[in-house]
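1. I need the structure of the sequence given here:
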Amino acid sequence: MKKLIALALSMFAASAMAAEFPDISIADLKAAMEKKEVVIIDVNGAASYKAGHIPGAVDFATKGADLGSALPSNKDALVVAYCGGPSCSAYKRAAQKAAELGYTNVKHLSAGKSGWAKAGETLEPAK
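-> Residues are numbered from 1 along each chain as shown. Predicted coordinates for the structure are as follows:
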């Protein structure tokens, strides 16, 4: 019985860790953007997205239900989700959705929209 409980706990811990997504720096994200090797997902909501988002980002509020159509066919492609800033966890909705769709290189820009702006980077208003 103890072995069964230990096995269940280790499986739970492994699945909890799998739910976390590694961070990506602003510099690394910019490099991937310059090479056109990333899909960025904004999880701040439609009004925030319209006011300004990281250039090229997909609005999760409008694409969330059909996120797969905004992602490349290559499941190893870099997918980066972000929300407001370091204390925001809303990015997990998009990151988990991408992972559920089979994407294996999903990361989190923990600096978020506020960190991007504080770094002097441009925010793009919705068209």
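2. Show the backbone phi and psi for the residue nearest the centre of the chain.
-> When CA atoms, centre = their mean is applied to the chain, the residue found nearest the centroid is residue 81 (1.6 Å). Phi and psi for residue 81, reported as degrees, to the nearest 10, are phi -110, psi 140.
3. Give the residue spans of the protein that score low on pLDDT.
-> Residue ranges of the chain with pLDDT under 70: 1-19.
4. As a check, name the ranges of all helices in it.
-> 2-18, 26-34, 46-51, 60-63, 91-100, 112-118 (DSSP state H).
5. Tell me the buried residues in the fifth one?
-> Going back to what we said before, that points to helix 91-100. Across helix 91-100, burial judged by 16 or more other CB atoms under 10 Å covers 91-95, 97-99. Yep, even glycine has a C-beta here, placed from its N, CA and C like the rest.
6. just the fourth one next, same as before
-> Using 16+ other CB under 10 Å as the burial criterion, the residues of helix 60-63 that qualify are 60, 63.
7. by contact count, what packs against it?
-> Judged by 3 or more CB pairs under 8 Å, 6 or more residues apart in numbering; DSSP states H and E, the packing partners of helix 60-63 are strand 38-42, helix 46-51.
8. so can I have CSV of the ones you listed showing distance to residue 57?
-> Listed next are those as CSV, based on distance: least, CB to CB, whole Å:
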stretch, distance to residue 57
strand 38-42, 4
helix 46-51, 8
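9. Buried deepest among these, which one?
-> strand 38-42 (a mean of 24; mean count of other CB atoms under 10 Å).
10. From the chain's centre, how far out is that strand? Work that out for me.
-> How far strand 38-42 lies from its chain's middle: 7 Å, per CA atoms, centre = their mean, to the nearest Å.
11. likewise stretch 67-84?
-> Computed by CA atoms, centre = their mean, the chain-centroid distance of stretch 67-84 equals 8 Å.
12. Give me the buried positions along that stretch.
-> 67, 70-71, 77-84.
13. circling back to that earlier point, any chance of the buried residues of helix 91-100 in JSON lines with distance to residue 38 as columns?
-> Shown next, in JSON lines, are the buried residues of helix 91-100 (distance: CB to CB, whole Å):
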{"residue": "91", "distance to residue 38": "14"}
{"residue": "92", "distance to residue 38": "18"}
{"residue": "93", "distance to residue 38": "19"}
{"residue": "94", "distance to residue 38": "13"}
{"residue": "95", "distance to residue 38": "13"}
{"residue": "97", "distance to residue 38": "16"}
{"residue": "98", "distance to residue 38": "12"}
{"residue": "99", "distance to residue 38": "16"}
